[in-house]
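[1] 3D model of this:
(2 chains)
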Amino acid sequence: MKNTPPKSVSPAVRFPKCPTGISGLDEITGGGLPRGRPTLVCGGTGCGKTLLAAEFLVRGATQFGEPGVFMCFEETDAELRINVASLGFDLGGLVRRKKIVIEHVRIERNEIYETGEYDLEGLFVRLNYAIDSIGAKRVVLDTLEALFAGLPNEAILRAELRRLFRWLKDKGVTAVITAERGREQLTRHGLEEYVSDCVILLDHRVHDQIATRHLRVVKYRGAMHGTNEFPFLIAEDGISVLPITSLGLNYNVLNGRISTGIPRLNAMLGGRGFFRGSSILLTGTPGTGKTITAACFAQASAKRGERVLFFSFEESPNQIIRNMRSVGLRLEPFVKSGLLRFHATRPMQYGLEMHLAIMFKEIAAFRPRVVVVDPITSLIAAGTDFETKGMVTRLIDYLKSEKITSLFTSLTHGGHALQQSEIAMSSLMDSWLLLQDFEGNGERNRVLYVIKARGMSHSNQVREFVISSRGIDLVDAYIGPNGVLTGASRLAQAARETAEALDGKQEAARRKRLLERKRATIEQQIAGLRSEYEADEVELKRMDEQVGARARVLSSERTELGRLRHADALVTAGADATGPNRIIEND
Amino acid sequence: MDRPKPGSRRRPAELWQLRLYVAAQTPKSLTALSNLKKICENHLRGRYRIEVIDLVEQPQLSRGDQILAIPTLVRKLPQPVRKIIGDLSDTERVLVGLDLRAAPSRARRSKRP
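    Numbering: from 1, shown residues only, chains lettered A, B, ... in the order given. Below is the predicted model:
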């Protein structure tokens, strides 16, 4: 909660401040209330004026060694003690140890008769006596305006009030004066006229039946201050003002990665999961397993020994633990060992700012390394869209500045608005996972996408998200011509493909065998042909020899014939090759 | 309503115990004391006792009677306790305040500037 503390101009002219010890208020005012001057705290009935004033005194007495006087005009000291005991303040003990004096001033108008000139010296004497009796440095006047009801002469009263504030300044005490809010002016009786140094306005607004308290520093003479309206809450340990304007984009980043708790999801996110200190949005339609995924993440973190704070806005801690047991996630051991803390509230219980305030408080107290908000969309019910975004921005900025990894689940309604409705929020997130369900073949199956994951390579694949009693597993989904196949269709497809693969294998083997046989046959044929050929060759040779022999015989016969017919020498020349034909033709 | 009982109802033997709170010897305080003495002599002769408390000297006593304004006259007795603030210069109102005289309804209700 380091909200831009206004820098003092220079140390030399620094305005002396009196720390209130009220968490957040000192940040807004840059160190506290103006020291030695009166501060006016105004607001309507029941907005926490008295408690703020009381805390200012108690913190002063216990933390800053500054005793204080509580002068109350409305409550008796016994009533006051009981009232502030609700903040855990032991006023009685402080009174006994002379740290605080409670001075109850009772004014009954019908007891008082005015008979001429008077002043309020009695009040001064009492206050002075009370201050001096314990050396008080702080004074609360609650509510001074009761004087207006009690004293008939307003002219005298106003003059005396002016004197009182002057006197308080001279006394050097830091005073808080409470006053009722007026219709047209800050206070009903215009006390702001007298207190010009610091005015704080408290407000208790009801929006959509949800009340939220706000605090605003209207005026702070001589010092810079946060001018915004800040929500504040009154809890068991006092008032917390939440200077939750955006912290800006200057936080350091971490490079470490942490597991999502689902190995396959880690693989989709570059193999190592989310960045430490990043913000993760998990959107999904009802029943897609957002809480389970969140619980997985929480369990994985707790297993590493990191503290996890789980804000649940829909289910009670016991219900979450029971439900997660059914999917094999055991959260109780971590709750018992203190690593996992649930904080369950109904969204309608408080206003948005109050939720944020409580979350800040819880986070600051528990100091977790991982925060889960399930679901962030429930909070929209407690505020407008714009407010919700503002709140989430502040929450994320805070978590990032504290280096806390945060996972927000977000419930979306089906249809096309699925992603649009998240645009406002998604830009704040570093990683965005989308859980969706597919209907088909009479069943509904879940799939998961990584829509974005800043700073890491991530899978663009859709994965089927299978929840079983053993936990979550991500399975490759089939993407075919008819869309993504999941569930039974995916199994059927897988079986079909397996069968096809088997068929193919068998076919190949069959073909191989066939080929083998063919080769053997061909080889046999080749051998047969070869032997045939060889036989032919032998035959041919034999025939050649026969022809040669016959030719020789013929030739010799022809020679013989020629010789017998007294042929000339010409015939003898071609006798070897053509001799017989020619001889036949010539015949 | 709330019409004060007539002063004559009081028994003459009753002792009036009056306490005047002042803070130092301011002109207002002195005026108040002299006015008080005058009224008592005129209306309560012999049956009154005045106690003057200076809060500058005894500031712790301011608490008991819930004193804010100075001067304040407190009628301790007879009961009930009544408080009259101011320098007691308006004798009529002092008498009404002390329940020594029935208030004229107009005067009782009117706010004095």
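[2] lowest confidence element among the helices and strands of chain B?
    When the helices and strands of chain B are scored by mean pLDDT, DSSP states H and E, helix B:105-109 comes last with a mean of 48.
[3] which outside residues touch stretch A:329-349?
    Identification of contacts with stretch A:329-349 by C-beta atoms under 8 Å, 6 or more residues apart in numbering or on different chains yields A:209-210, A:292, A:295-296, A:298-299, A:302-303, A:305-313, A:315-317, A:320-321, A:324-325, A:355, A:358-359, A:362, A:366, A:368, A:378-379, A:381-382, A:471. Any C-beta I mention is one placed from the backbone N, CA and C, and that applies to glycine too.
[4] which residues touch the residue in chain B that chain A sits nearest to?
    Among the residues of chain B, residue B:97 lies closest to chain A, at 3.1 Å counting by C-beta to the nearest C-beta. Counting by C-beta under 8 Å, 6+ apart, residue B:97 makes contact with A:113, A:115, B:73, B:82, B:83, B:84.
[5] what's the farthest-apart pair in these?
    A:115 and B:82 (11.5 Å; C-beta to C-beta).
[6] compare these two (neighbour count), which wins?
    Using other C-beta atoms under 10 Å in any protein chain shown, the more surrounded residue of residue A:115 and residue B:82 is residue A:115, with 28 against 18.
[7] for the more buried one, give me its contacts.
    Contacts of residue A:115 by C-beta under 8 Å, 6+ apart are B:73, B:84, B:85, B:86, B:87, B:88, B:89, B:90, B:93, B:94, B:97.
[8] now the buried members of these.
    Buried subset of these (neighbour count, 16 or more other C-beta atoms under 10 Å in any protein chain shown): B:73, B:84, B:85, B:86, B:87, B:88, B:90, B:93, B:94, B:97.
[9] quick check: residue A:288 touching residue A:465?
    Yes - here residue A:288 reaches residue A:465: they are 7.5 Å apart, a contact under C-beta atoms under 8 Å.
[10] what touches both of those two?
    Jointly contacting residue A:288 and residue A:465 under the rule C-beta under 8 Å, 6+ apart are A:435, A:446.
[11] which residue lies nearest the spatial centre of the chain?
    Because you didn't say which chain, this covers chain A. Geometric centre of chain A, nearest residue: residue A:407, 3.2 Å, by C-alpha atoms, centre = their mean.
[12] wait, chain B
    What sits nearest the mean C-alpha location of chain B, by C-alpha atoms, centre = their mean, is residue B:73, with 4.0 Å.
[13] residues in contact with the longest helix seen in chain B?
    Taking DSSP state H as the criterion, chain B has its longest helix at helix B:27-43. For helix B:27-43, contacts defined as C-beta under 8 Å, 6+ apart pick out A:116-119, B:16, B:18, B:20, B:22-23, B:48, B:50, B:52, B:70-71, B:73, B:86-89, B:91, B:94-95, B:98, B:100.
[14] CA atoms only for it - export them in CSV, please.
    What follows is helix B:27-43, C-alpha atoms only, in CSV (Å, rounded to 0.1, in the frame of the first residue of the first chain):
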residue,chain,number,x,y,z
PRO,B,27,-15.8,41.1,36.0
LYS,B,28,-18.5,38.6,35.0
SER,B,29,-17.8,36.5,38.0
LEU,B,30,-17.9,39.4,40.3
THR,B,31,-21.1,40.6,38.8
ALA,B,32,-22.6,37.2,39.1
LEU,B,33,-21.7,36.9,42.8
SER,B,34,-23.1,40.3,43.7
ASN,B,35,-26.3,39.6,41.7
LEU,B,36,-26.7,36.3,43.4
LYS,B,37,-26.3,37.8,46.9
LYS,B,38,-28.8,40.4,46.1
ILE,B,39,-31.4,37.9,44.9
CYS,B,40,-30.9,35.6,47.8
GLU,B,41,-31.2,38.4,50.3
ASN,B,42,-34.4,39.5,48.6
HIS,B,43,-36.0,36.1,48.3
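[15] residue numbers of chain B in contact with chain A?
    Within chain B, the residues that sit near chain A (C-beta under 8 Å from any C-beta of the partner chain) are B:21, B:23, B:26, B:28, B:31-32, B:35, B:55-56, B:59-60, B:62-63, B:66-73, B:81-90, B:93-94, B:96-97, B:111-113.
[16] quick one, strands of the stretch 201-350 of chain A?
    A:210-220, A:229-235, A:238-241, A:257-258, A:274-275, A:279-284, A:308-312, A:340-344 (DSSP state E, counting those that start in this stretch).
[17] residue A:150 touches residue A:107, doesn't it?
    Yes - Residue A:150 lies in contact with residue A:107 (C-beta under 8 Å); the separation is 3.0 Å.
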